[in-house]
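Trainee: okay, here's the prediction I keep looking at, along with the sequence it came from:
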Amino acid sequence: MPAAPGSPHSPGSPSKARGLKVKAVIKFGDRTSTLTIPCGDGKRTVRWLGVVAAQRFVLDGAAKGKVRSRERGHTMSKAQILPRNVSTSSEAFAHPDALVKDICVDGDEVFVELDSKVVMDAAMRPIRSNWQVVAFQRNNEDGRRRALADEFSKREQKKSEALMREATARGLVEDAKGDKMRNLIHPQLLQTQHLGLAVEQQWGEMDRNGLMGRWIRQGKDQERVKRCLAKHYLQLCELFKFYGASVGMADQHLVEFVEFSAFARDAGVYGGARSPIDHALLTECFAEACEIPVTNVVEAHMALPQFLSAVIWLAEVVKHSGHTGSHQREELQALTETANRQRSLAMRRAVGGAGVGEKLERFLHEEIDSCVHKRATQLIGLVAKQHLGEQRVLARFWERHHELRAIYATYAAEAADWDPRDCTTHRLSFANFQLLVEDSGLLESSGPKDELTRREVRRAFAGARTEVDHESDHPLQPKKAPQPKKKPSSLDGRGSMGSRGSKKSRGSLTK
């Protein structure tokens with residue numbers, strides 16, 4: 001047995017006052033004992049610590065009580081008990097060859113498990129634990145390697161289980177925070193279950209003058225078109241807002257002909273050498289969807305219902321030759337001729353061919369999806385709505401919602417006791433939103449890094465807005481395009497002026 005730690009015979013060992021001492025918690029069957037073991041400078045191995053703890057445990061048991069004569073030779077003082085495993089609070093397997101000072105500090109607890117009984121295998125050989133194999137079978141390299149591999153596997157499994165428990169606990173906390181944030185901004189979140197109802201309302205605007213009935217005469221075909229629009233409604237809305245904010249004001253959901261041309265170009269149906277749509281046909285598409293003369297296209301703009309109508313128009317024309325047939329190919333070729341450019345879509349539908357619903361499905365799957373993919377990093381509203389459905393994102397917002405609320409109130413000039421769920425009160429205008437971005441140092445040359453251009457700020461503002469009209473009973477009613485102001489008549493001039501004045505004051509900023 002090596003010299004006791006801290007003794008004068010142990011070279012290089014410090015005095016007892018400065019030596020490392022550990023509390024060995026020894027478990028032997030149902031019995032547990034705690035002993036303080038001096039370890040000197042801590043350069044002894046864990047194997048030495050386990051053996052000394054076992055010997056001290058045996059001696060401690062022999063010193064208690066007087067042994068009767070018939071029990072002599074059967075007491076623990078004569079027993080050879082081996083440590084089965086040595087562990088710490090952080091390591092379930094302390095390597096026998098590791099130094100004591102590397103696994104613990106002065107006063108730490110070390111757990112030593114002793115063999116209370118010897119288990120034999122079929123060949124009547126004692127079955128040793130992995131720790132015993134590594135500690136005492138020095139010549140059995142294969143056995144030591146297998147024992148270490150088994151312990152490593154157990155340790156990794158325990159780490160994985162601990163990480164899973166932490167992730168579960170963290171997930172519960174994030175879910176609680178996310179639920180609070182979701183409840184706070186619930187009216188502003190996208191309700192996907194109402195997309196079909198939103199399309200129905202849009203359809204009413206599109207068919208106000210019977211346009212859809214003239215374009216799509218079959219009732220089943222109309223229902224198929226509605227299903228297609230509902231499936232891609234969010235993408236179409238984001239594309240509409242993205243191109244609408246390219247030139248005009250971000251708080252106006254309107255698309256001009258120049259912006260609509262950019263959309264058709266990105267969709268791959270206009271502007272190329274082999275594109276099926278030329279400028280004259282695109283002008284006719286815009287005019288027919290807005291139900292205006294072709295001569296008024298340059299000064300006109302379209303709202304979301306007209307944009308959806310234009311998408312149907314493009315699908316009908318671009319996919320007209322989807323089912324190959326000589327008559328249909330001749331008809332598509334005739335569309336590019338000057339004499340046929342003024343023909344309405346209803347007249348083209350008389351030619352026959354595939355239904356509008358089928359063509360729209362292929363157009364949305366090919367051209368529109370390609371356009372969305374091309375602008376994926378710029379469709380901020382689409383990305384934001386997708387991530388706002390994640391609990392971890394909502395949890396991050398909840399952690400800082402007080403600060404965000406204060407910033408919003410400052411730039412929106414809200415009262416101190418405003419309710420974030422009340423979306424019918426003042427809203428943050430685009431001008432103030434741009435001022436917020438500029439004050440943050442994220443706008444062009446306002447900060448050390450030129451993060452955003454003014455066009456990107458307009459698109460971010462437009463994309464972040466929802467299609468929800470919070471003053472309506474419908475949860476997804478799109479915001480209506482601004483209507484031209486009507487001159488008050490002499491009969492109700494005073495009442496009209498009062499009404500307009502109240503609306504204007506409600507939307508203005510307060511100091």
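Mentor: Arrived safely. Numbers count the residues shown, from 1 in each chain.

Trainee: now Asn209. Nearest residue, chain neighbours left out?
Mentor: Nearest residue to Asn209, sequence neighbours excluded (C-beta to C-beta, 6 or more residues apart in numbering): Glu291, at 6.2 Å. No exception for glycine: its C-beta is placed from N, CA and C like everyone else's.

Trainee: distance of Ser89 from Arg125?
Mentor: Distance of Ser89 to Arg125, given as C-beta to C-beta, to the nearest Å: 34 Å.

Trainee: just to revisit the earlier point, and the residue nearest to Asn209, backbone torsions?
Mentor: phi 60, psi 50 (degrees, to the nearest 10).

Trainee: who's in contact with the helix or strand containing Glu358?
Mentor: Using DSSP states H and E, Glu358 falls within helix 356-363. The contact list for helix 356-363, computed with C-beta atoms under 8 Å, 6 or more residues apart in numbering, reads 215-216, 221-225, 227-229, 311-312, 314-316, 318-320, 322, 349.

Trainee: run the last query once more with 7 Å
Mentor: By C-beta atoms under 7 Å, 6 or more residues apart in numbering, the surrounding residues in contact with helix 356-363 are 215-216, 221, 224-225, 228, 312, 314-316, 318-319, 322.

Trainee: which parts of the protein are strands?
Mentor: With strands called from DSSP state E, the chain shows them at 21-28, 31-38, 83-87, 109-114, 255-256, 301-302.

Trainee: most tightly packed of these?
Mentor: Highest mean neighbour count of these: strand 255-256, a mean of 26 (counted as mean count of other C-beta atoms under 10 Å).

Trainee: now do it: which elements does it pack against?
Mentor: For strand 255-256, the packing partners by 3 or more C-beta pairs under 7 Å, 6 or more residues apart in numbering; DSSP states H and E come out as helix 233-244, strand 301-302.

Trainee: what's the average pLDDT for the first one?
Mentor: Within the predicted structure, the mean pLDDT of helix 233-244 is 85.

Trainee: kindly report the same for stretch 393-413.
Mentor: 87.

Trainee: dump the contacts of helix 356-363 to TSV, plus distance to Val22, neighbour count and pLDDT.
Mentor: Output for those, formatted as TSV (distance: C-beta to C-beta, whole Å; neighbours: other C-beta atoms under 10 Å; pLDDT from 0 to 100):
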residue	distance to Val22	neighbour count	pLDDT
Trp215	86	24	87
Ile216	84	25	88
Asp221	83	19	90
Arg224	77	18	92
Val225	78	26	92
Cys228	73	25	91
Ile312	80	25	93
Leu314	79	26	91
Ala315	78	26	90
Glu316	84	22	86
Val318	80	24	85
Lys319	80	23	81
Gly322	81	15	43
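
Trainee: follow-up on the earlier one: nearest to Ala169, out of the helices and strands packed on strand 255-256?
Mentor: helix 233-244 (33.7 Å; C-beta to C-beta).

Trainee: keeping just the C-alphas, turn that closest one into CSV.
Mentor: What follows is helix 233-244, C-alpha atoms only, in CSV (Å, rounded to 0.1, in the frame of the first residue of the first chain):
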residue,chain,number,x,y,z
TYR,A,233,-53.8,33.4,-51.4
LEU,A,234,-51.0,34.3,-49.0
GLN,A,235,-48.3,34.2,-51.7
LEU,A,236,-50.4,36.3,-54.1
CYS,A,237,-51.1,38.9,-51.4
GLU,A,238,-47.4,39.2,-50.6
LEU,A,239,-46.5,39.5,-54.3
PHE,A,240,-49.2,42.2,-54.7
LYS,A,241,-47.8,44.2,-51.7
PHE,A,242,-44.2,43.7,-52.8
TYR,A,243,-44.7,45.1,-56.3
GLY,A,244,-47.1,47.7,-55.0
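
Trainee: which other helices and strands contact it?
Mentor: With contacts defined as 3+ C-beta pairs under 7 Å, 6+ apart, the secondary structure elements packing on helix 233-244 are helix 195-206, strand 255-256, helix 257-266, helix 304-318, helix 369-374, helix 380-387, helix 454-464.

Trainee: mean pLDDT lowest where, among the ones you listed?
Mentor: Among those, helix 380-387 carries the lowest mean pLDDT, at a mean of 72.

Trainee: ok, residues contacting stretch 130-143?
Mentor: Arg47, Leu82, Arg84, Asn85, Val86, Phe93, Pro96, Arg144, Ala147, Leu148, Asp150, Glu151.

Trainee: ok, and the most crowded of those?
Mentor: Most neighbours among the contacts of stretch 130-143, by other C-beta atoms under 10 Å: Val86, with 26 neighbours.

Trainee: so for it, what's the pLDDT?
Mentor: 92.

Trainee: now Asp150
Mentor: Asp150 is given a pLDDT of 91.

Trainee: Leu49 is in contact with Val100, isn't it?
Mentor: Yes - the criterion here is C-beta atoms under 7 Å, and Leu49 meets it with Val100 at 5.5 Å.

Trainee: overlap in contacts of the two?
Mentor: Joint contacts of Leu49 and Val100 (C-beta under 7 Å, 6+ apart) are Cys39.

Trainee: report the buried residues of stretch 283-291.
Mentor: Within stretch 283-291, the residues scored as buried using 16 or more other C-beta atoms under 10 Å are Thr283, Glu284, Cys285, Phe286, Ala287, Glu288, Ala289, Cys290.

Trainee: for the closest residue to Ser89 other than its chain neighbours, what are its contacts?
Mentor: Once flanking residues are discounted, Ser89 sits nearest to Glu109: 6.5 Å by C-beta to C-beta, 6+ apart. Contacts for Glu109 were tallied using C-beta under 7 Å, 6+ apart; they are Lys23, Val25, Ser89.

Trainee: in JSON lines, list these along with distance to His186 and pLDDT.
Mentor: Listed next are the contacts of Glu109 as JSON lines, based on distance: C-beta to C-beta, whole Å; pLDDT from 0 to 100:
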{"residue": "Lys23", "distance to His186": "55", "pLDDT": "92"}
{"residue": "Val25", "distance to His186": "53", "pLDDT": "93"}
{"residue": "Ser89", "distance to His186": "45", "pLDDT": "87"}
